[in-house]
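K.L.:
next come a sequence and a model predicted from it.
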2 protein chains.
Amino acid sequence: MLLAIDIGGTKITLSIANSEKIVIKMFQNVQLSGDEMTIPRQIDNLIALACEKIAISEQQITAVGISTCSPFVRMGDDKAIAAPNLCGGLGLQQRNIGNDWKKIPLQTHLRQRFPKVEMENDCVSAVAAERIFGTGKGLNDVIYITWSTGIGCGAYVNGNLIKGKNGNAPHFGPIYMVDRDSTSGNKGFEHLEALASGTAIARNFAQGSTKDAFEQYATNEHARNIIDNAVHHFVKGLISINYVLDTSRIILGGSVLLNNEKLLMPMIRQKFFDESFAAFSEGVEIVVTELGNYLGDLAALSLIMPQEWIAIWQQQKPWQQAPAATVVE
Amino acid sequence: MLLAIDIGGTKITLSIANSEKIVIKMFQNVQLSGDEMTIPRQIDNLIALACEKIAISEQQITAVGISTCSPFVRMGDDKAIAAPNLCGGLGLQQRNIGNDWKKIPLQTHLRQRFPKVEMENDCVSAVAAERIFGTGKGLNDVIYITWSTGIGCGAYVNGNLIKGKNGNAPHFGPIYMVDRDSTSGNKGFEHLEALASGTAIARNFAQGSTKDAFEQYATNEHARNIIDNAVHHFVKGLISINYVLDTSRIILGGSVLLNNEKLLMPMIRQKFFDESFAAFSEGVEIVVTELGNYLGDLAALSLIMPQEWIAIWQQQKPWQQAPAATVVE
């Protein structure tokens, strides 16, 4: 059995799969008070609960995949999660998180009792899923980018999953965009995420949510300007990351993109090919994820799935019949 | 014997090496008139001349390494050189190059008679040299960046040389910097190279060469502003590429950097660590190439050098006693 853990800023989702399907899926709001072992303990409890429900012992789990918000810091051979939206001790979030954690040593904790524990950023895990099960299948050079409340990226180059020394490659949200004061962690300049993310769109719109801004695109000049400006910066990021990674296909996902695909995709494609050096944009395809909301289930599993399972999953697409998640209070 | 070819915008350098040293080195101005086989023919002649001088037959050459200005375009399994400073048919250079080439099929040409022909961008080849013989030795995550008349980059991530689908990764000069009209190939924005390269410094200074501008840094406010501005953009590029590649060491080279190392390195280091998210800059070292001017000799060789030679070369550093290059008229 494989255990997949997905850690976001608000909830933790845990799934267990066998060679043919996802057998149980549950989620719980992430617990942010207490010491830095709070989340590892929360996950221990979820694992125990899930194993009990499907009547297996923990020893039947051969590998654990973790897809999580990041960045990471090194802890020996392991990585620890140092995500500003979970770790209050980093002091990088404007809201009060309610803890003083600088890191979460989850991988080290789980390695004490599971033989294999792989952990990657959620977009790095997502591009693994895209390359195994999605529209990135068979490609050696492929990028997945999420345009959501934040902006993230995962990439294969020449068939290798790009991780970098601490597993923080390819971070795409913080790249340089404009000279101006910023409260986001960079000093003296504003990065892509602060200019183009769903959060940025809502903040700049100020007359409602990101959804409201998109709904008023045709009728409200202010909404249109905000969104055009976000697209402008998002595409500049795509052009730059394609220069750096020389990719074949850019797969786009995330709520901002998926909820407004018909408006955004023609704008993105036109600007990308119009503004980039032809030598680098020629032959690049920009597509929408076909895995969509299944990415959450598949990302962590893709980090650890054995070759012999993959053929079965590719053929039977069991993620389309995954059980509904049980809510754990 | 190994054959190394280095192709720049103005000259071609050719070296032949045995397991212990570089035995001959010659260079000739690059020939830009005639058809797209002009440079392949020029190289054929240089190979014949070099082989004759050291009394070997071409059949004794077991591998060819080519380090060249780029970008590349695909030609089946090979790459062809589509560099705007060599190929007039691309229409991307403001000066008249005097030919209508869209590409130079050098790799395909040489593969007809040599068993192994590896070709990479000059900075990609340089980072290979840095990782084998230079200050990148033993590092899995290392970047080489040249700051010269142009700006270029080569990188290993997790021990893999980053090439991308057409061998154009990691292009660093064309990344997005500022919204404004550009004549450089991007549309509607100015890229890093146009703001920070040696060429850009001289153009913006307008009162003399890049060298003049640096000499007047302490006394001429205009020169100082130009250089500070170039450093500003160069460091923004370093910060962004470190976000994308999560590296351990950034090795800097190129004439602008090497000729002004004492002025530039403290400025670069201070701004990089001051302005970047600490989570990503922590643990990054920014150093100057120790191979310096030897990179030209070693880059192409590093693409093809067999393991058993490497140990000898690492120990004996024969590049320090390479013969002076013979000029071919």
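P.N.:
Structure's in. What do you need?

K.L.:
closest residue of the stretch 201-329 of chain A to chain B?
P.N.:
Residue of the stretch 201-329 of chain A nearest chain B, by Cβ to the nearest Cβ: A:Asp246 (2.4 Å). Bear in mind the C-beta positions are built from the backbone N, C-alpha and C, glycine included.

K.L.:
list the contacts for that residue?
P.N.:
A:Asp246 makes contact with A:Asp141, A:Val157, A:Phe280, B:Lys163, B:Gly164, B:Lys165, B:Asn166, B:Gly167, B:Asn168, B:Ala169, B:Pro170, B:His171 under the criterion Cβ atoms under 8 Å, 6 or more residues apart in numbering or on different chains.

K.L.:
please look at the second one and B:Leu161 and confirm they touch.
P.N.:
No: using Cβ atoms under 8 Å, A:Val157 is not in contact with B:Leu161; the gap is 9.6 Å.

K.L.:
the two - which one has more neighbours?
P.N.:
Neighbours of A:Val157 and B:Leu161, each counted by other Cβ atoms under 10 Å in any protein chain shown, are more numerous for A:Val157; the result is 29 against 20.

K.L.:
and the nearest residue to A:Tyr144 once chain neighbours are set aside, what element?
P.N.:
Spatial nearest neighbour of A:Tyr144, chain neighbours left out: A:Val127 (3.9 Å); criterion: Cβ to Cβ, 6 or more residues apart in numbering or on different chains. Secondary-structure element containing A:Val127, defined by DSSP states H and E: helix A:122-133.

K.L.:
continuing past that helix, what's the next helix or strand?
P.N.:
Moving toward the C-terminus from helix A:122-133, the first helix or strand encountered (DSSP H and E) is strand A:142-147.

K.L.:
adjacent strands (with direction) for that following strand?
P.N.:
strand A:151-157 (antiparallel), strand A:249-253 (parallel) (DSSP bridges).

K.L.:
residues of the stretch 1-150 of chain A that sit close to chain B?
P.N.:
Contact residues of the stretch 1-150 of chain A with respect to chain B, defined by Cβ under 8 Å from any Cβ of the partner chain, are listed as A:Pro71, A:Val73, A:Arg74, A:Ala82, A:Leu90, A:Asn140, A:Asp141.

K.L.:
any chance of CSV for those, columns neighbour count?
P.N.:
Below are those laid out as CSV (neighbours: other Cβ atoms under 10 Å in any protein chain shown):
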residue, neighbour count
A:Pro71, 21
A:Val73, 22
A:Arg74, 15
A:Ala82, 22
A:Leu90, 21
A:Asn140, 16
A:Asp141, 22
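
K.L.:
lowest-confidence entry in the residues you listed?
P.N.:
The pLDDT minimum for the residues of the stretch 1-150 of chain A next to chain B sits at A:Leu90, where the score is 87.

K.L.:
what about the nearest residue to that one once chain neighbours are set aside, how many neighbours?
P.N.:
Counting by Cβ to Cβ, 6+ apart, A:Leu90 lies nearest to A:Pro84, which is 5.1 Å off, once chain neighbours are set aside. Residues near A:Pro84, counting by other Cβ under 10 Å, number 21.

K.L.:
what pLDDT does the model give A:Pro84?
P.N.:
90.

K.L.:
show the backbone phi and psi for it.
P.N.:
The phi and psi torsions at A:Pro84 (degrees, to the nearest 10) take the values phi -60, psi -20.

K.L.:
and the lengthiest helix in chain A, which residues are buried?
P.N.:
Longest helix of chain A, by residue count under DSSP state H: helix A:221-245. The neighbour-count check on helix A:221-245 (16 or more other Cβ atoms under 10 Å in any protein chain shown) flags A:223, A:226-227, A:230-245 as buried.

K.L.:
sorry, back to before: now the helix holding A:Val127 against strand A:151-157, angle please.
P.N.:
An angle of 50 degrees separates the directions of helix A:122-133 and strand A:151-157 when computed by axes from the mean of the first three to the mean of the last three Cα atoms, to 10 degrees.

K.L.:
any idea how chain A splits into domains?
P.N.:
For chain A, whose domains are defined here by automatic domain parsing, the residue ranges read A:2-122+A:299-327, A:135-288.

K.L.:
ranking those by burial, who's on top?
P.N.:
Of all those, domain A:135-288 carries the top mean neighbour count, a mean of 20, counting by mean count of other Cβ atoms under 10 Å in any protein chain shown.
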